[in-house]
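**Q** all I have is the shape, not the residue letters:
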């Protein structure tokens, strides 16, 4: 979890806590507030990982382009 800000770490920790509660008790047995928080954190966590993955793909695409330029020069 390196490179994460304090809020992101707290969100992930809370998401894991709520996920474990979900597994133990089930979604129907959770309090409404916890359900809403879980769904919100699920969206935020998914958005975070999609953005992180997309960023990595852009970096890889740039590296491949640079390598193609080097190979063409040879």
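**A** Everything's here; your move. These numbers were taken from a predicted model, which means no experiment stands behind them.

**Q** and the longest helix anywhere in the chain, what does it pack onto?
**A** Counting residues, the longest helix in the chain under DSSP state H turns out to be helix 32-73. With contacts taken as 3 or more CB pairs under 8 Å, 6 or more residues apart in numbering; DSSP states H and E, helix 32-73 sits against helix 6-25. C-beta here means a position set from N, CA and C on the backbone, and glycine is covered the same way.

**Q** list the buried ones in the helix it packs on?
**A** Neighbour-count burial for helix 6-25, counted by 16 or more other CB atoms under 10 Å, picks out 11, 12, 14, 15, 18, 21, 22.

**Q** need these in TSV (columns: pLDDT).
**A** Putting the buried residues of helix 6-25 into TSV (pLDDT from 0 to 100) gives the following:
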residue	pLDDT
11	84
12	84
14	90
15	89
18	92
21	89
22	89
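
**Q** gap between residue 8 and residue 64?
**A** Separation of residue 8 from residue 64 (CB to CB, to the nearest Å) stands at 29 Å.

**Q** okay, now residue 63: neighbour count?
**A** 10 (other CB atoms under 10 Å).

**Q** now do the longest helix of the chain: distance to the chain's middle.
**A** 8 Å (CA atoms, centre = their mean, to the nearest Å).

**Q** ditto for stretch 65-74
**A** Relative to its chain's centre, stretch 65-74 lies at 33 Å (CA atoms, centre = their mean).

**Q** stretch 11-20 now?
**A** For stretch 11-20, the distance to the chain centre is 12 Å (CA atoms, centre = their mean).

**Q** let me see the mean pLDDT of the longest helix of the chain.
**A** This predicted structure assigns helix 32-73 an average pLDDT of 92.

**Q** got the angle between that helix and helix 6-25?
**A** For helix 32-73 against helix 6-25, the angle by axes from the mean of the first three to the mean of the last three CA atoms, to 10 degrees is 120 degrees.

**Q** per-residue pLDDT of residue 2, please?
**A** 63.

**Q** same check, this time on the one 3 residues further on
**A** The confidence metric pLDDT takes the value 79 at residue 5.

**Q** alright, I will stop here.
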